[in-house]
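S.K.: Build me a structure from this.
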Amino acid sequence: MRLRRIAIVVAAVVLMTTVATGTMTAAAEGQGVPPQRVLDTRNAAGPYGGPALAAGADRTFPLAGRCGIPSSARAVSVNVTVVQPSSSGDLRVFAAGDPAPIASVLAYSANRTRANNAI
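M.R.: Reported below is the predicted structural model:
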């Protein structure tokens with residue numbers, strides 16, 4: 001089993017959209033929050049820490065209420081970092097309950113730290 005260690009940092013913007021009659025309106029409001037680490041799987045085991053991510057496995061990180069992210073947030077802008085992975089792979093970030101996307105947020109090689117941002 002390949003293990004990956006992932007650190008995610010919340011970027012400066014939390015995106016919120018207004019909902020009218022069950023559909024999203026074209027206008028979106030942005031609410032800024034200070035950049036801060038929302039989770040880091042290099043830390044001790046816990047809901048926002050380790051263990052390292054295993055290849056092919058999903059892991060859910062509830063972000064509402066963490067680091068100032070409001071429960072009304074519909075999207076979060078994040079910086080995702082893979083730190084010295086033991087093998088090559090890719091990372092896909094998506095909302096809990098949604099199917100995994102075909103495209104990855106980040107592709108990486110063994111023993112190389114890589115970062116990218118996503119919404």
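
S.K.: C-alpha from now on. contacts and neighbour counts both.
M.R.: Will do.

S.K.: C67 contacts V38, correct?
M.R.: Yes - between C67 and V38 there is a contact under C-alpha atoms under 8 Å: 6.3 Å.

S.K.: Compare neighbour counts for these two and give me the winner.
M.R.: Between C67 and V38, counted using other C-alpha atoms under 10 Å, the more crowded position is V38 (20 against 15).

S.K.: Sketch out the strands for the chain, chain order is fine.
M.R.: Ranges of strands within the chain are 3-4, 6-20, 23-32, 36-40, 53-54, 75-82, 89-91, 106-108, 114-118, based on DSSP state E.

S.K.: ranking those by mean pLDDT, which is last?
M.R.: Sorting those by mean pLDDT places strand 6-20 lowest, at a mean of 41.

S.K.: Correct me if wrong: A73 contacts A64.
M.R.: Yes - assessed by C-alpha under 8 Å, A73 is found in contact with A64 at 7.3 Å.

S.K.: Which one's more surrounded, those two?
M.R.: Neighbour totals were compared for A73 and A64, and A73 leads with 18 against 14 (other C-alpha under 10 Å).

S.K.: From V33, how far out is that one?
M.R.: To V33, A73 is 12 Å away according to C-alpha to C-alpha, to the nearest Å.

S.K.: Check A115 too.
M.R.: In terms of C-alpha to C-alpha, A115 sits 20 Å off from V33.

S.K.: can you check I102 too?
M.R.: Distance from I102 to V33, by C-alpha to C-alpha: 29 Å.

S.K.: the more surrounded of those two?
M.R.: Each of I102 and V33 has its neighbours counted (other C-alpha under 10 Å); V33 has more, 15 against 7.

S.K.: Pretty sure A64 sits against R74.
M.R.: No - judged on C-alpha under 8 Å, A64 makes no contact with R74 at a distance of 9.6 Å.

S.K.: What residues does P70 make contact with?
M.R.: A64 (C-alpha atoms under 8 Å, 6 or more residues apart in numbering).

S.K.: A110 too?
M.R.: Counting by C-alpha under 8 Å, 6+ apart, A110 has contacts Q84, P85, S86, S87, S88.
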